[in-house]
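*Asks:* my questions are about this predicted structure, shown below with the sequence.
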Amino acid sequence: MIFLDRTTISVPTDWQDQAHKKLPYPQAYAQKALEFESLALNDPRRRGGFTRYAPEVLPKLRGKPIFPAVWSSDKRVKKAFDTWSNSKCAYCESGINAHRSQQVEHFKPKSLFPSLAYDWSNYFLACNGCNGAKLDKWPHMGDYVRPDQGQPETLFVFDDRGGMRAQEADSDAQRTVDDFELDRSGLQTARRVAIRLQLAMLHDVIETGLPIETMRQLAQGLVKRAEDPRVPYSQALGQSLRRFWQEHYPALSLF
């Protein structure tokens, strides 16, 4: 996970108007949402979801109350988030190269936080794997790591086999790894393949026998390219490359 600067993504000026048009009773919806969110997070009525709590303020599809999806009919939404996320999942950094595979994910699930269902700041672009793993989960205590706050890249550790864990075991970061399944086998494999390729290139640089400063400059170039935010798994690649260099030249800082 890398930091995503939310100030670089603009909210469509008519966004709230679009959302209101989709809701049959926008004012009643807002009132019920506040009432619902005043319940304790672990209250069974809250955990039962907003569609069960206040079905009367939502439109229905085949007789069942639903949250109308504004983002699916407005192509500007996915396009904006695709650009912002560098066509990558905001959580696992996997590339998402097809519009139909991109999912606008609610960081705080709308079933528990209906007031944020149409809040632009609550959206991230996610892959099927991360969004499907998270679904409507929200921790009973603590939080998840937001890609747009702080320095998320400092909270996670990747090994050379593609594994991922949090720096601290009992933390919001580890809850994020667990509930988003960021260490799932498919991701481990994808990261491992990418890491091995980059490590092989750095190994070749070290084996050239060139002057140490020349090798250092070549290694710096490899790391900078690997850590480019447009590159899938940039954080995992950068950590592995930096670690490899440090193992071979512990007395010489790479940067």
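*Replies:* Great, that's in hand. Numbering: from 1, shown residues only.
*Asks:* drop to CA atoms for contacts and neighbour counts, all remaining ones
*Replies:* Fine.
*Asks:* all strands for the protein, in order.
*Replies:* Along the chain, the segments classed as strands by DSSP state E run 60-61, 64-65, 103-106, 123-126, 156-158, 164-166.
*Asks:* who wins for proximity to Q16 among those strands?
*Replies:* Taking C-alpha to C-alpha, strand 123-126 is the member of the strands of the chain nearest to Q16, at 14.2 Å.
*Asks:* what are the contacting residues of the closest one?
*Replies:* With C-alpha atoms under 8 Å, 6 or more residues apart in numbering as the test, strand 123-126 has contacts from 78, 81-82, 85, 88-91, 102-107.
*Asks:* try stretch 161-181
*Replies:* Contacts of stretch 161-181 (C-alpha under 8 Å, 6+ apart): 130-131, 133-134, 137, 139, 142-145, 154-158, 182-183, 187-192, 195, 236.
*Asks:* give me that answer again for 6 Å
*Replies:* Identification of contacts with stretch 161-181 by C-alpha atoms under 6 Å, 6 or more residues apart in numbering yields 130, 133-134, 143-145, 155-158, 183, 188, 191-192.
*Asks:* stretch 84-94 now?
*Replies:* With C-alpha under 6 Å, 6+ apart as the criterion, stretch 84-94 contacts 1, 95-96, 125-127, 230, 232-233.
*Asks:* okay if I get those as CSV plus pLDDT, distance to H20 and neighbour count?
*Replies:* Shown next, in CSV, are the contacts of stretch 84-94 (pLDDT from 0 to 100; distance: C-alpha to C-alpha, whole Å; neighbours: other C-alpha atoms under 10 Å):
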residue, pLDDT, distance to H20, neighbour count
M1, 95, 33, 24
G95, 95, 33, 19
I96, 92, 30, 21
L125, 94, 22, 27
A126, 95, 25, 29
C127, 95, 27, 22
R230, 96, 35, 16
P232, 97, 36, 23
Y233, 98, 38, 28
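*Asks:* pick the one among those residues closest to L34.
*Replies:* Nearest to L34 out of the contacts of stretch 84-94 is L125 (C-alpha to C-alpha; 26.1 Å).
*Asks:* neighbours around the closest residue to D160 other than its chain neighbours, how many?
*Replies:* Spatial nearest neighbour of D160, chain neighbours left out: S240 (6.0 Å); criterion: C-alpha to C-alpha, 6 or more residues apart in numbering. S240: 22 surrounding residues under other C-alpha atoms under 10 Å.
*Asks:* check S240 and give its pLDDT.
*Replies:* At S240, the pLDDT value in this model is 98.
*Asks:* the one 3 residues further on now?
*Replies:* Looking at R243, its pLDDT is 97.
*Asks:* could you list the low-pLDDT ranges of the chain?
*Replies:* 71-74 (pLDDT under 70).
*Asks:* biggest helix in it by residues?
*Replies:* Looking across the chain with DSSP state H, the single longest helix is helix 185-206.
*Asks:* CA atoms only for that one, dumped as CSV, please.
*Replies:* Coordinates of each C-alpha in helix 185-206 appear next as CSV, following Å, rounded to 0.1, in the frame of the first residue of the first chain:
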residue,chain,number,x,y,z
SER,A,185,-1.8,-16.8,-2.0
GLY,A,186,-2.5,-15.2,-5.4
LEU,A,187,-1.0,-11.9,-4.3
GLN,A,188,2.0,-13.7,-2.8
THR,A,189,2.7,-15.4,-6.1
ALA,A,190,2.3,-12.2,-8.2
ARG,A,191,4.6,-10.2,-5.8
ARG,A,192,7.1,-13.0,-5.7
VAL,A,193,7.4,-13.1,-9.5
ALA,A,194,7.9,-9.4,-9.7
ILE,A,195,10.4,-9.3,-6.8
ARG,A,196,12.5,-12.1,-8.3
LEU,A,197,12.8,-10.3,-11.6
GLN,A,198,14.0,-7.1,-9.9
LEU,A,199,16.4,-8.9,-7.6
ALA,A,200,17.9,-10.7,-10.6
MET,A,201,18.5,-7.4,-12.3
LEU,A,202,20.2,-6.0,-9.1
HIS,A,203,22.2,-9.2,-8.8
ASP,A,204,23.5,-8.7,-12.3
VAL,A,205,24.5,-5.1,-11.5
ILE,A,206,26.5,-6.3,-8.4
